[in-house]
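structural data only, the sequence is not supplied:
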């Protein structure tokens with residue numbers, strides 16, 4: 001039984017590999033001749049099969065070997081990539097995932113394993129319905145093979161054949177090929193130091209010496225059996241270097257290596273030879289790799305492979321990582337938040353200290369500010385995760401759902417590299433799944449309907465992520481029929497939301513789809529009509545301090561745009577005062593702070609109050625009217641304005657006083673305190689008071705939905 005720690009590591013790594021495999025296999029369905037995708041799949045299966053036995057999942061080893069064999073035949077062209085191969089591969093991953101997680105496997109799921117075996121074996125006319133459900137005989141082949149250890153081993157093998165070996169009727173290359181069939185040559189160097197001058201070579205003699213590092217799952221006896229008929233009469237050394245080789249590779253991952261050191265680690269060059277080569281290099285001012293090739297100590301391929309490994313080490317590609325429980329990261333972020341709050345308190349105390357002592361404290365605090373900010377940036381960089389893995393999980397969902405509905409739909413992903421806080425990523429999956437489900441079920445037409453309307457029979461759902469205005473935007477776009485606004489209007493009238501003859505804008509009608517209980521579905525379909533509406537999405541997005549909007553064009557499709565904060569933790573904010581209340585505006589949304597002259601203010605019917613800023617008129621926003629609070633200054637010519645921007649549109653927020661800039665820790669607030677879209681959360685100031693944080697995007701939406709709040713009093 002494997003130790004609990006090893007098993008836990010295996011489970012996490014296996015889930016990542018299976019998720020990656022699922023994405024790669026679905027990519028292969030679209031690009032069935034892409035060798036790079038097939039190679040990536042093979043690498044994943046090769047990695048996956050190396051750990052099950054070591055972690056106590058011995059029954060998975062042979063099965064993953066079968067999957068690797070399947071795609072090895074795909075790479076060689078023996079098996080074509082078909083829909084059946086894709087289905088079979090995905091079902092295999094489902095079975096593997098269930099076995100690893102301990103979940104019950106689907107009924108009759110054993111049939112596909114027999115189908116898999118028959119395809120690999122090349123048995124024609126395989127019909128999965130003819131195979132008995134519980135026959136697992138093909139998985140027991142390892143019992144007869146012998147000499148297999150599930151964990152890989154490394155052997156250093158030096159082979160110096162007798163120079164007259166050809167007279168024995170033995171071809172050394174065939175022995176090398178047999179050795180290669182046991183695993184993978186990590187290093188294969190042919191030493192030609194004993195090769196005589198060209199005119200002295202006797203063509204019937206063997207002068208070469210092979211120096212090989214073999215990675216294999218077989219034991220030493222099986223490796224030695226390759227040399228069964230030549231071992232006694234030839235100079236053959238087999239050394240198990242598993243521990244030594246692993247340690248060497250571990251050191252490589254954590255420190256940069258020079259080319260000569262890498263060649264020594266690989267067994268291509270000896271340490272004493274390297275010292276001479278370095279002296280030679282210094283004397284002739286040439287590259288060490290060129291000298292090694294000239295002296296016949298290594299081939300150009302050996303040098304190229306070592307240089308490639310050196311580049312990987314320099315870039316520290318994902319190997320130098322440490323797995324940390326996400327709860328520990330959350331606790332660390334919470335502690336940082338408390339430090340920021342306490343720091344604000346210290347700044348307040350420093351302001352109260354008089355003369356020189358106060359200056360000394362403030363200087364010390366400025367140094368602390370820099371250290372804290374750097375600390376915050378480091379923690380945030382750890383928490384930031386590309387959204388690509390979240391997007392990729394929907395490839396399978398779109399494929400399976402479309403098949404169930406008899407539709408042909410492809411998923412297009414853009415902006416996979418876009419990063420956001422891990423907490424946001426963890427919670428965004430379910431809302432996105434519901435949006436995609438609605439797009440497939442309600443948005444995209446059947447293949448026949450699309451063909452009749454002159455559209456591509458294959459529908460498209462696009463997932464797109466990008467950064468803008470200090471936030472992350474996620475667009476879910478379908479090229480379906482669009483939203484039937486007349487049907488939305490009838491539903492709104494029926495629910496009493498609007499009057500039958502009321503003039504309602506397109507944007508407001510679309511916004512009704514986000515209200516609780518609002519659905520235009522006339523019957524319960526395969527996916528919809530079961531009580532989970534778009535209001536659930538709105539609620540979940542709201543909990544992430546995000547917002548959602550809908551745009552649609554008849555016959556062209558629908559776009560749902562989700563706006564999310566980069567992080568749920570800390571932001572840079574501008575503190576403003578209106579009356580007795582202090583608010584915080586995210587600094588990323590702020591353009592400038594100004595005062596206006598008496599000629600820069602006017603009112604326009606239908607547009608409310610406007611101020612003239614840099615040759616254009618922008619809307620004047622009075623937060624005191626929006627929130628029902630009292631302001632000290634009611635005349636725009638006496639007040640200050642914070643100019644903010646949202647979606648390319650600028651607004652001027654009227655305030656009494658600008659307090660300054662400060663890092664603030666964002667705390668969520670319950671809806672019973674306020675349900676205003678213009679408020680994204682709250683924070684605790686240095687004096688212990690609570691301040692509300694303005695959401696500029698939500699403020700713009702609030703005004704758009706309720707234009708009366710900015711009309712002149």
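Perfect, thanks for sending it. Since this is a predicted model, take the numbers as computed values, not measurements.

drop to CA atoms for contacts and neighbour counts, all remaining ones
Noted.

now residue 292: how far from residue 164?
Counting by Cα to Cα, to the nearest Å, the separation of residue 292 from residue 164 is 28 Å.

more neighbours: which of these two?
Higher neighbour count among residue 292 and residue 164: residue 292, with 22 against 13, using other Cα atoms under 10 Å.

quick check: closest non-adjacent residue to the more buried one.
Excluding its sequence neighbours, the residue lying closest to residue 292 (Cα to Cα, 6 or more residues apart in numbering) is residue 298, at 6.1 Å.

tell me the pLDDT of that neighbour.
Note for residue 298: predicted pLDDT of 77.

got it, and residue 9?
For residue 9, the pLDDT comes out at 63.

so residue 420, which of the three states?
What DSSP: H, G, I helix; E, B strand; the rest coil gives for residue 420 is strand.

for it, give me its contacts.
383-387, 472, 565-567 (Cα atoms under 8 Å, 6 or more residues apart in numbering).

closest to residue 360 out of these?
residue 567 (33.8 Å; Cα to Cα).

pull the helix or strand with minimum mean pLDDT from this structure.
In the chain, no helix or strand scores lower on mean pLDDT, DSSP states H and E than helix 142-145, which sits at a mean of 32.

max-length helix in the protein?
Looking across the chain with DSSP state H, the single longest helix is helix 355-383.

packing partners for whatever helix or strand comes next after that helix?
Sequence order places strand 384-386 as the next helix or strand after helix 355-383, per DSSP states H and E. Other helices and strands packing on strand 384-386, by 3 or more Cα pairs under 8 Å, 6 or more residues apart in numbering; DSSP states H and E, are strand 419-421, helix 422-438.

could you redo the last one with a cut-off of 7 Å?
When contacts are defined as 3 or more Cα pairs under 7 Å, 6 or more residues apart in numbering; DSSP states H and E, strand 384-386 sits against strand 419-421.

the strand it packs on pairs with which strands, and in what direction?
Applying DSSP bridges, strand 419-421 is found paired with strand 384-386 (antiparallel).

average model confidence for the strand it pairs with?
pLDDT averaged over strand 384-386 gives 84.

can you give me how far whichever strand or helix holds residue 344 is from the chain middle?
Taking DSSP H and E as the criterion, residue 344 maps to helix 326-352. In this view, helix 326-352 has its centroid 30 Å away from the chain centroid, taken as Cα atoms, centre = their mean, to the nearest Å.

the closest residue to residue 676 other than its chain neighbours: neighbour count?
The shortest distance from residue 676 to any non-neighbouring residue, by Cα to Cα, 6+ apart, is to residue 702 (7.6 Å). The number of residues packed near residue 702 is 16, by other Cα under 10 Å.

repeat for residue 635
10.

how about low-confidence regions in the stretch 551-700 of the chain?
Judged by pLDDT under 70, the stretch 551-700 of the chain has its weakly predicted residues at 567-569, 606, 647, 670-672.

what ranges does it have for its strands?
For the stretch 551-700 of the chain, the strands defined by DSSP state E, counting those that start in this stretch occupy 557-565, 570-578, 581-586, 590-594, 601-604, 608-613, 616-622, 640-646, 649-655, 657-665, 679-684, 690-694.

sorry, back to before: now do the same for the residue nearest to residue 676: helix, strand or coil?
Residue 702 - assigned by three-state DSSP - is helix.

so it sits right up against residue 677, yeah?
Yes. The pair residue 702 / residue 677 is scored as a contact, 6.1 Å apart, by Cα atoms under 7 Å.

quick check: domain ranges of this structure?
Residue ranges for the domains of the chain, per automatic domain parsing: 4-145, 148-315, 326-385, 387-565, 570-710.

list the buried residues in the one helix or strand residue 492 maps to.
Using DSSP H and E, the element containing residue 492 is helix 485-494. Using 16 or more other Cα atoms under 10 Å as the test for burial, helix 485-494 gives 485, 488-489, 491-492.

kindly report the same for stretch 21-34.
Buried, per 16+ other Cα under 10 Å, within stretch 21-34: 21-29, 32.

and for it, what's in contact with it?
37, 41, 44, 81, 86, 90, 392, 395 (Cα atoms under 7 Å, 6 or more residues apart in numbering).

quick check: the closest residue to residue 372 other than its chain neighbours vs residue 545, distance?
In space, and not counting its chain neighbours, residue 372 is closest to residue 340: 7.8 Å by Cα to Cα, 6+ apart. To residue 545, residue 340 is 21 Å away according to Cα to Cα.

count of neighbours near the residue nearest to residue 292?
22.

pretty sure it belongs to a helix, no?
No. Using three-state DSSP, the secondary structure at residue 298 is coil, not a helix.

ok, it to residue 212 distance?
According to Cα to Cα, residue 298 and residue 212 sit 12 Å apart.

so what's in contact with these two at the same time?
Taking Cα under 7 Å, 6+ apart as the contact rule, residue 298 and residue 212 both touch residue 189.
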